[in-house]
Each structure stands twice: as structure tokens, then as C-alpha cells.
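Participant: this one's structure only:
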């Protein structure tokens with residue numbers, strides 16, 4: 001008898017698994033949910049017990065992992081459409097198992113192990129993450145919460161965006177910060193699940209005070225700002241700090257220990273590991289915008305500030321620990337963007353006689369030099385690590401693209417040629433990479449509150465890859481924000497929350 005083709009056998013296995021799950025759960029009391037069953041390759045079948053009096057679910061699940069391109073778990077679900085929220089208190093019961101075993105609140109496109117999905121995963125070691133696979137067969141990414149072992153968690157789908165909320169001992173849910181966008185076809189699956197992270201084991205978790213709801217349309221929304229870092233190698237994200245006070249544009253300190261950002265006209269410093277921001281003394285400069293950064297040796301801070309009477313931005317320098325600002329550009333508006341690796345030169349965007357162009361000036365002050373003369377906007381200049389090139393963005397062709405030029409303004413050439421509007425290029429300290437912000441083609445300027453992407457490409461040329469899809473734009477990554485080792489990038493994402 002001829003052997004069944006592998007692809008057909010795989011599809012048949014998925015169908016049989018789903019059918020088995022439906023038959024095993026038929027007639028069971030599952031409270032808010034309709035069905036349950038194993039997803040993916042699970043050596044030991046899972047189960048669920050619902051306690052109507054307590055309103056709790058005890059879910060037992062096996063499976064090797066929920067990660068990479070496929071999942072294995074026990075899933076308890078309901079099919080829904082539209083916006084949805086799912087919240088629960090979660091307690092992982094077993095001890096001594098794999099520290100990465102996880103209990104999850106899930107939204108899945110299908111029961112296929114490689115399905116697109118989003119989940120809030122509470123790991124046995126306390127790590128809590130918003131995980132996602134944006135399309136079937138893609139790999140899994142995550143946004144790690146700064147809160148370990150939360151008392152309560154919630155996953156929320158509003159439109160195309162998914163987000164996570166966590167609660168401490170008081171049980172009050174707060175946005176964890178960070179969100180991502182993903183398109184699902186309706187209806188989809190929402191529910192709870194457990195993965196043992198060991199295919200030879202069964203692990204249990206209790207989900208109590210489960211609330212499955214359709215969120216009401218918010219008449220008014222508040223913008224949540226979240227400071228995040230993303231790893232270049234894995235593309236996984238971690239939320240450092242969130243606030244409903246608007247803030248923007250992180251820089252990374254030269255020792256890799258802290259981040260600097262602006263908010264409400266002032267600058268703040270916060271540990272990369274998390275904590276509370278500390279105000280940086282900028283003297284009389286109390287209208288700082290999002291164009292700021294550090295000297296190559298980390299001893300000097302450069303800012304762009306609007307505090308003079310005409311409210312035009314000018315560039316100043318001051319000690320990085322804080323102090324009296326020194327005026328560098330007499331004329332405004334001037335917006336800093338790059339510091340040469342030898343510490344001698346600042347690059348910036350300035351408006352002179354109605355034209356915005358790229359200029360340089362000695363870091364100690366002096367005569368400015370105009371490098372671009374094309375009609376339109378030339379903006380966002382930053383130096384390469386070898387000091388040989390300045391990358392910038394220009395709309396001289398009718399669309400915003402990344403360009404580069406020599407330090408004297410010669411050899412200007414276009415770098416990107418795709419269907420996006422590309423802004424704020426930043427070469428990595430190791431000279432290998434270029435990160436920039438991309439808007440859809442129809443978006444004019446660099447406004448806030450837009451669907452954007454952080455993208456990265458080899459500095460020598462090559463394939464452009466997406467680092468993160470987010471809600472942001474203005475303030476996300478205006479200035480250099482590479483970690484000193486070129487392994488991570490800091491940025492700000494935004495959410496509109498009720």
C-alpha cells in the first residue's frame with residue numbers, strides 16, 4: 001500500500017485532533033467556554049474541571065512548548081468575533097517542573113498548532129509576557145512585563161491591537177505597556193490553556209474569577225506611553241516603564257545602565273532594568289523637545305529647547321549629570337540629531353529662509369555649515385561609527401526615504417526605495433546595522449498615533465526586516481537609541497486606553 005504523503009498526513013492529524021477534542025468535551029459544563037481539547041503534539045492528554053460554585057477552572061496540560069512556529073497545550077475555548085477581553089487570577093499548582101511551564105489567556109485564529117495567536121503567558125518562574133505569532137507558521141515573539149508573578153492578568157483585543165494588563169496584590173488591573181497589531185479572521189478562538197513545557201509531564205493551573213467580556217466602546221481615551229527595548233537578535237520586546245504622562249525619544253547611556261527620555265519639557269533618566277524616572281537638571285532650559293542625546297564619551301548631554309522668548313528650538317550642551325546649558329546654535333529653529341564619533345561635530349536639522357536642511361556645527365559652538373540644498377525636507381542626520389557618513393531622511397523625490405552623504409555633503413545617495421515613508425535613520429555603534437521608523441506611504445510628515453514599524457537593515461545593504469509593529473510615530477525613535485553593544489534598541493510605543 002502506498003504511503004500517505006507527509007503534508008496530507010499532517011493535515012489529517014490536525015483534523016482528527018480537533019474532532020477528538022470536540023467529542024471529549026461534548027456536554028461538559030465549561031462555564032463561559034464551549035469546548036476543550038489538546039492542541040498540537042501532546043503525549044499525555046490534558047483535561048479541565050470547572051467548579052461552578054467557585055467559578056474556577058483547573059486545567060491540566062502537557063506539551064513541549066508554546067513558542068517558535070507551533071504550540072502544544074490543553075486549550076479551553078469559545079469562538080467569538082469582534083473586540084474581546086479575558087481576565088483571570090492564575091495559580092500554577094505543581095512544583096518542581098520546568099520553570100517555563102505556563103498558564104495562558106489565549107486568542108487564536110484556529111486550533112492548528114501553527115496558528116496565528118496572542119496570549120498572556122504566566123510562567124512558573126514568574127515571568128509574564130504578551131506573546132504572539134502574527135501569521136500562521138511564523139515564529140513567536142513576546143513583550144515582557146516588568147511585573148513578576150502578578151495576582152491577576154488580562155488580555156485585550158481592540159481592533160487590530162492586542163495588549164496586556166497586570167495586577168499586584170491589590171488585584172487592580174493596570175496596562176502593562178506595549179502592544180502589537182495582528183489581523184484575525186472572524187470568528188476566532190478565545191480561552192485558557194496550560195503547557196507543561198515538557199512532553200513527558202502534565203502540569204496544572206487554576207484560573208479563577210474568570211471574566212470573558214466584550215469591551216464597551218470608550219467615549220474618551222487616554223494615551224499610555226511605554227518605554228520599551230527590543231533585542232536585535234530575537235526581536236523580543238520588554239516594557240521598562242509606562243505612564244499616562246506623555247513622553248518620547250529614548251537615548252541609551254554609554255555604560256548601558258540607563259535610558260534618557262523627554263516629557264513635558266524636561267529630561268529624565270531611568271534604569272534599563274526598570275524603576276522610577278529621575279529628573280535631570282537642565283537649568284533654564286525647561287521646554288526640551290525630543291531631539292537630545294549624549295556625547296561619545298557620555299560626559300555631555302545635548303538638548304534642543306524652546307525656552308527662548310521666540311519659542312524657536314535651539315541646541316544647547318550641558319554636563320550629562322545635569323547643569324547649566326551652553327547655547328550652541330544662535331539661530332532657530334534647530335533640532336539636534338547626531339554627534340560625530342570623534343566628539344567634535346554636531347549634526348542637526350534647521351530651518352533657514354523657509355527651507356529645512358541638514359547642518360553641522362562644532363560641538364563647542366561656532367559657524368554652522370549647510371550640507372543639503374534640495375527643495376523639500378532633509379531631516380534626522382546621524383553619523384556612522386567610522387565617522388565617514390551621515391545618514392538622513394529626505395522627501396526630495398516626493399516620498400520620504402533614507403539617504404546618506406559624506407561629511408562635507410558630497411556623494412548624496414538614496415538608500416531605501418520601497419513603498420514606505422522612512423524616517424530617522426540611526427547607524428549602530430558596531431557599524432553593522434541601520435534602524436529607522438517607517439510609516440505607510442499615505443502618511444505625511446511624522447505624526448503621532450499612527451501604525452508604524454521599526455525596521456532594520458544591514459548598513460552595507462541587504463534585506464530590510466521588521467523589528468516591531470506598533471502604535472506610535474512622533475516620539476518613538478527620533479534620536480539615537482542603540483545600546484552600546486549594538487544588541488538592543490530603545491523606543492517608545494503608545495496605546496489609546498479607556
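Facilitator: Thanks, I have the structure now. Quick caveat, the model's predicted, so the values are computed rather than measured.
Participant: so where's the stretch 151-300 of the chain uncertain?
Facilitator: The stretch 151-300 of the chain contains residues with pLDDT under 70 at 218-219.
Participant: residue ranges for the strands of it, please.
Facilitator: 152-158, 161-167, 173-181, 188-195, 203-213, 222-231, 237-243, 248-252, 258-263, 266-271, 278-280, 293-294, 300-305 (DSSP state E, counting those that start in this stretch).
Participant: ok, residue 340 touching residue 387?
Facilitator: Yes - counting by C-beta atoms under 8 Å, residue 340 does reach residue 387; the two are 5.7 Å apart. C-beta: built from backbone N, CA, C; applies to glycine.
Participant: Show me which of these two is the more surrounded one.
Facilitator: More neighbours surround residue 340 than the other of residue 340 and residue 387, with 20 against 14 (other C-beta atoms under 10 Å).
Participant: residues in contact with that one?
Facilitator: Residues near residue 340 by C-beta atoms under 8 Å, 6 or more residues apart in numbering: 296, 346-347, 363, 383, 387, 407.
Participant: Among these, which one lies nearest to residue 329?
Facilitator: Residue 329 lies nearest to residue 346 out of these, by C-beta to C-beta, at 8.5 Å.
Participant: residues near that closest one, how many?
Facilitator: Residue 346: 28 neighbours (other C-beta under 10 Å).
Participant: Residue 362 too?
Facilitator: The tally of other residues near residue 362 (other C-beta under 10 Å) stands at 14.
Participant: Now do the same contact list for it.
Facilitator: The neighbourhood of residue 362, defined by C-beta under 8 Å, 6+ apart, consists of 344-346.
Participant: before we move on, back to that, would you mind checking the contacts of residue 340 for buried ones?
Facilitator: Buried subset of the contacts of residue 340 (neighbour count, 16 or more other C-beta atoms under 10 Å): 296, 346-347, 363, 383, 407.
Participant: follow-up on the earlier one: just the contacts of residue 362: which are in strands?
Facilitator: Among the contacts of residue 362, the members found in strands (DSSP state E) are 345-346.
Participant: mind putting the contacts of residue 362 in a markdown table, pLDDT and distance to residue 62 included?
Facilitator: What follows is those, written out as a markdown table (pLDDT from 0 to 100; distance: C-beta to C-beta, whole Å):
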| residue | pLDDT | distance to residue 62 |
| --- | --- | --- |
| 344 | 98 | 62 |
| 345 | 98 | 60 |
| 346 | 98 | 59 |
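Participant: circling back: ok, so of the buried ones among the contacts of residue 340, who is nearest residue 465?
Facilitator: For those, the closest approach to residue 465 (C-beta to C-beta) belongs to residue 383, at 22.9 Å.
Participant: Let's see the pLDDT reported for that closest one.
Facilitator: According to the prediction, residue 383 has pLDDT 98.
Participant: residue contacts, it?
Facilitator: By C-beta under 8 Å, 6+ apart, the neighbours of residue 383 are 338-341, 345, 347, 389-391, 427.
Participant: what's the answer for residue 361, then?
Facilitator: Counting by C-beta under 8 Å, 6+ apart, residue 361 has contacts 315, 328-329, 345-346, 348, 367-369.
Participant: returning to what we had before: right, so the strands of the stretch 151-300 of the chain: which one is the most enclosed?
Facilitator: Neighbour counts (mean count of other C-beta atoms under 10 Å) averaged over each of the strands of the stretch 151-300 of the chain peak at strand 188-195, with a mean of 28.
Participant: Residue 471 and residue 132: what is the separation?
Facilitator: 15 Å (C-beta to C-beta, to the nearest Å).
Participant: what's the answer for residue 390, then?
Facilitator: 36 Å.
Participant: Please apply the same query to residue 305.
Facilitator: Using C-beta to C-beta, residue 305 is found at 39 Å from residue 132.
Participant: can you check residue 105 too?
Facilitator: Distance of residue 105 to residue 132, computed by C-beta to C-beta: 13 Å.
Participant: Quick check: neighbours shared by the two?
Facilitator: Joint contacts of residue 105 and residue 132 (C-beta under 8 Å, 6+ apart) are residue 119.
Participant: okay, the contacts of residue 383 in TSV with distance to residue 200 and secondary structure next?
Facilitator: Conversion of the contacts of residue 383 to TSV gives the following (distance: C-beta to C-beta, whole Å; DSSP: H, G, I helix; E, B strand; the rest coil):
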residue	distance to residue 200	secondary structure
338	54	strand
339	55	strand
340	58	coil
341	53	coil
345	61	strand
347	58	strand
389	55	strand
390	57	strand
391	52	strand
427	48	strand
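Participant: and for residue 340 and residue 387, which residues touch both?
Facilitator: Here residue 340 and residue 387 have residue 407 as joint contacts, going by C-beta under 8 Å, 6+ apart.
Participant: So for residue 105 and residue 132, which residue has more residues nearby?
Facilitator: Legend: neighbour count by other C-beta under 10 Å for residue 105 and residue 132, higher for residue 105 (27 against 20).
Participant: Now the strands of the stretch 151-300 of the chain in TSV, please, with extra columns for distance to residue 58.
Facilitator: As requested, those are arranged in TSV below (distance: least, C-beta to C-beta, whole Å):
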stretch	distance to residue 58
strand 152-158	17
strand 161-167	21
strand 173-181	23
strand 188-195	9
strand 203-213	5
strand 222-231	34
strand 237-243	30
strand 248-252	43
strand 258-263	42
strand 266-271	39
strand 278-280	45
strand 293-294	52
strand 300-305	55
